[in-house]
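**Q** Sequence and predicted structure are below.
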Amino acid sequence: MTPAVRITDLSHSYGENQVLLEVNVSVDAGAFFTVVGPNGSGKTTLIRIVAGLVRPLRGTVELFGKPLNALSRRDLARVLAVVPQEAPLDFPFRVEDVVLMGRSPHLGLLSLEKRRDYEIAREAMELAEVGHLRRRPMDQLSGGERQRVIIARAVCQQPRIILLDEPTSSLDLAHQVKVMEIMKALTRREGITVITVSHDLNLASIYGETILLLKAGRVLGTGLPREILTVERLEEAFGCPLLVDENPVVPVPRITVIPGNGPDLRRPDCEEH
Amino acid sequence: MFPAHRRTIFKIGGTSLLLAALLALCVLLALALGPTRQDLGALISALIEGPSAPGLPAAILWEIRFPRAVAACLAGAALSLGGLVFQALLRNPLAEPYILGVSGGSAVGAILGFMAGLSRFPGVSALAFAGGMTTLAVVLFLRPGSNPLRGDSLLLAGVMVNAFCSALIMFLVAVAEDARLHSILFWLMGDLSGTTPEHLPLLAGTLLPCFAVLLAMARPLNLLLLGEETAMTMGVNVRAAATLLLITTSLMVSATVCSIGLVGFVGLVVPHILRSLLGPDHRTLVPACILGGAAFLVLCDLLARSVPDLGEIPAGVVTALIGAPLFILLLQRAGR
């Protein structure tokens, strides 16, 4: 089967600063794919390249076998939707209007949304559990509600791939789980490929079917959470002591940070010299 | 209640009809009122019989008031639309149609024209247009970076060009002959008194296609409000769209300025008022700005020429005298 995303020999740098080096990854269609790694490991750049926002210096990206740079913005928007970290609010649209904007890549310049477009938007809002907020302006919503509206907009775009850049970073625990459950439902029910960047290793472990671990622009490993989220790889990637054991609730690795960073920090009174 | 999927079209249609009625009322007032008192019967028959009707009432109506009202409609629409687009594109609530320096360049051109003793049309207009286009070229093509929307470079370039032009304007005003100062000053404040029937086709021919382009760009404008990158991922070719919007809007504003001078404030206040009443959707706002802006300027120009015993005052004075208090009132209401 053609993979949803195939990345071949991808390298990118900002000036002198090499951010991605010879990355080769392929994401299966319908997968829940999570990219993890420390700050500055190239996660966001990787996502931005796949979203068509950054043109890579070397290497290719293919979406369902088609080269990314052969697609127009409009064609790309029909295949792939992006949920950015935050949405500007200086022009407060209503929730329903924001979600309906997801239909734009499917509509002509002058055509208005038809009954069918409203149905798609309603389904997207129900899936993201924001149907009851339909008539509310965006600037009156909480962070978690707003995030789900943006997800509904992405779903309304009817893409085959959805990219999320740290979708849970500013949400409380309940909303984190809610967002992840929505994304999981998307892969299961709609067969959409979900690719997220995450700082939360435990959420990645629980929800990610495939994990990509990056460090300094290189791939440290791709595979099941059990294969990638090992203490050796994670300590190599993050450079801090960790405890990895079995999650007591679901059979996946659980990652716990170990406070302190070496003997002199744990016992500040103990001087080396 | 309308079915959900018809709501947008009803909103666009409803507001447009309402504002069109308001505009029609303002135009009728502008045709009926003026320093020459006429009885209503003569006016109505002149109106019905059309421009070929004989007699003084018909001449006043069709040769003087009608072209002036049409020019006010076109200019008011263009300036409001210009403000609307720049406010969205630059994501800056203080943006107005003159922000990219078009006004400064046009003014320098126009003043040079007045000093050379050229007639208002086509001489001064042509020089003003050339001046406006020159500053636009300077701002658009000499600015750093390739993306017109990135950062504030465009805004800053516009402010600098305007500042430079202001200095030139002051210099020219200082050395101009006294006899020319009155027309220069009126032009700088915006003045519709020089409107003649022969320059309307050119103005309409430039502005109407620009209006059409902006109507078609209403949806991309909405998406641009969500942020440049989000717009890209939702299918908008941002660089092409932004360039088209900037050039169309600047052309529209230049054409307006060169025919009626620098009427201020319409482009700042009308989009804000309509946005606060109608919400941020440009599919409603673009037609609303065309009709509402037209009505506003027709009304202001009517006041500018009918204050008793003062003779004519520049339309730009009236727009600010009415617009500023109205705007503050709305701000207060919105703050509550």
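**A** Cool, got the structure. Numbers count the residues shown, from 1 in each chain, chains lettered A, B, ... in the order given.

**Q** Chain neighbours aside, what residue packs nearest to the residue nearest to the spatial centre of chain A?
**A** What sits nearest the mean C-alpha location of chain A, by Cα atoms, centre = their mean, is residue A:196, with 1.8 Å. In space, and not counting its chain neighbours, residue A:196 is closest to residue A:164: 4.3 Å by Cβ to Cβ, 6 or more residues apart in numbering or on different chains. Just so you know, the C-beta spots here come from the backbone N, C-alpha and C atoms, and that holds for glycine as well.

**Q** did I read that right, the one you found in a strand?
**A** Yes. Looking at residue A:164 with DSSP: H, G, I helix; E, B strand; the rest coil, it is inside a strand.

**Q** Verify the stated contact: it with residue A:203.
**A** No. Using Cβ atoms under 8 Å, residue A:164 makes no contact with residue A:203, being 11.8 Å away.

**Q** of the two, who's got more company?
**A** More neighbours surround residue A:164 than the other of residue A:164 and residue A:203, with 25 against 20 (other Cβ atoms under 10 Å in any protein chain shown).

**Q** The more buried one: what's it in contact with?
**A** By Cβ atoms under 8 Å, 6 or more residues apart in numbering or on different chains, the contact set of residue A:164 is A:82-83, A:151, A:183, A:194-197.

**Q** Okay, and the residue in the stretch 151-300 of chain B positioned nearest to chain A sits in which element?
**A** Distances from the stretch 151-300 of chain B to chain A, computed as Cβ to the nearest Cβ, single out residue B:235 as the nearest residue at 3.4 Å. Assignment of secondary structure by DSSP states H and E places residue B:235 within no helix or strand.

**Q** ok, now the one 10 residues further on?
**A** Secondary-structure assignment from DSSP H and E places residue B:245 in helix B:238-260.

**Q** Tell me how far residue A:213 lies from chain B.
**A** Between residue A:213 and chain B the distance is 25 Å, computed by Cβ to the nearest Cβ, to the nearest Å.

**Q** All the strands of the stretch 1-150 of chain B, residue numbers only.
**A** Taking DSSP state E, counting those that start in this stretch, the stretch 1-150 of chain B contains no strands at all.

**Q** Output the below-cut-off pLDDT ranges for it.
**A** B:1-3, B:37-38, B:142-150 (pLDDT under 70).

**Q** Those residues of it touching chain A, which are they?
**A** Residues of the stretch 1-150 of chain B lying near chain A by Cβ under 8 Å from any Cβ of the partner chain: B:3-5, B:8-9, B:88, B:91.

**Q** Out of these, which end up buried?
**A** Neighbour-count burial (16 or more other Cβ atoms under 10 Å in any protein chain shown) applied to the residues of the stretch 1-150 of chain B next to chain A gives B:4-5, B:8, B:88, B:91.

**Q** what's the closest of those to chain A?
**A** Distance to chain A across these (Cβ to the nearest Cβ) is lowest for residue B:5, with 4.2 Å.

**Q** can you give me phi and psi for residue A:241?
**A** In terms of degrees, to the nearest 10, the main-chain angles of residue A:241 are phi -70, psi 140.

**Q** Correct me if wrong: it contacts residue A:235.
**A** Yes. If you go by Cβ under 8 Å, residue A:241 and residue A:235 touch, sitting 6.6 Å apart.

**Q** Report the contact partners of the residue nearest in space to the middle of chain B.
**A** Residue closest to the mean C-alpha point of chain B, counted by Cα atoms, centre = their mean, is residue B:79 at 2.0 Å. Residues counted as contacts of residue B:79 (Cβ under 8 Å, 6+ apart) are B:97, B:253, B:256, B:263, B:266-267, B:270, B:293, B:297.

**Q** For residue B:173, list the residues it contacts.
**A** B:111, B:181, B:184.

**Q** can we see that at 7 Å?
**A** By Cβ atoms under 7 Å, 6 or more residues apart in numbering or on different chains, the contact set of residue B:173 is residue B:184.

**Q** could you point out where the stretch 151-273 of chain A is predicted with low confidence?
**A** A:261-273.

**Q** For chain B, what is the nearest residue in it?
**A** Across the stretch 151-273 of chain A, the shortest distance to chain B (Cβ to the nearest Cβ) belongs to residue A:157, at 7.0 Å.

**Q** wait, that residue sits on residue A:102?
**A** Yes. In this structure, residue A:157 is within contact of residue A:102 by Cβ atoms under 7 Å, at 4.2 Å.

**Q** and for these two, which residues touch both?
**A** By Cβ under 7 Å, 6+ apart, no residue touches both residue A:157 and residue A:102.

**Q** gap between residue A:225 and residue A:3?
**A** Distance of residue A:225 to residue A:3, computed by Cβ to Cβ, to the nearest Å: 19 Å.

**Q** Who has more neighbours out of those two?
**A** Set residue A:225 next to residue A:3 and count neighbours by other Cβ under 10 Å: residue A:225 wins out with 25 against 17.

**Q** tell me the contacts of the closest residue to that one other than its chain neighbours?
**A** Using Cβ to Cβ, 6+ apart and skipping the chain neighbours, the partner closest in space to residue A:225 is residue A:205 (4.5 Å). Taking Cβ under 7 Å, 6+ apart, we find residue A:205 in contact with A:225, A:229, A:247, A:252-253, A:255.

**Q** Sticking with residue A:205, tell me its helix or strand.
**A** Assigning secondary structure by DSSP H and E places residue A:205 in helix A:201-207.

**Q** Show the subsequent helix or strand relative to that helix.
**A** Counting by DSSP H and E, what follows helix A:201-207 is strand A:210-215.

**Q** Show me what that following strand is packed up against.
**A** Applying 3 or more Cβ pairs under 7 Å, 6 or more residues apart in numbering or on different chains; DSSP states H and E, we find strand A:210-215 packed against strand A:32-36, strand A:218-223, helix A:225-228, helix A:231-238.

**Q** State whether the residue nearest to the centre of chain A is indeed within a strand.
**A** Yes. Counting by three-state DSSP, residue A:196 is found in a strand.

**Q** Contacts only, for it.
**A** Counting by Cβ under 7 Å, 6+ apart, residue A:196 makes contact with A:34, A:164, A:167, A:183.

**Q** That one bridge partners, please.
**A** residue A:34, residue A:164 (DSSP bridges).

**Q** Residue B:125: what's its closest spatial neighbour, skipping adjacent residues?
**A** For residue B:125, ignoring the flanking residues on the chain, the nearest one in space by Cβ to Cβ, 6+ apart is residue B:258 at 4.4 Å.

**Q** same deal with residue B:188?
**A** Nearest residue to residue B:188, sequence neighbours excluded (Cβ to Cβ, 6+ apart): residue B:262, at 5.6 Å.

**Q** how about the one you found, phi and psi?
**A** Backbone geometry at residue B:262, expressed as degrees, to the nearest 10, gives phi -90, psi 80.

**Q** just checking, it touches residue B:191?
**A** No. With contact defined as Cβ under 7 Å, residue B:262 does not count as touching residue B:191 (9.2 Å).
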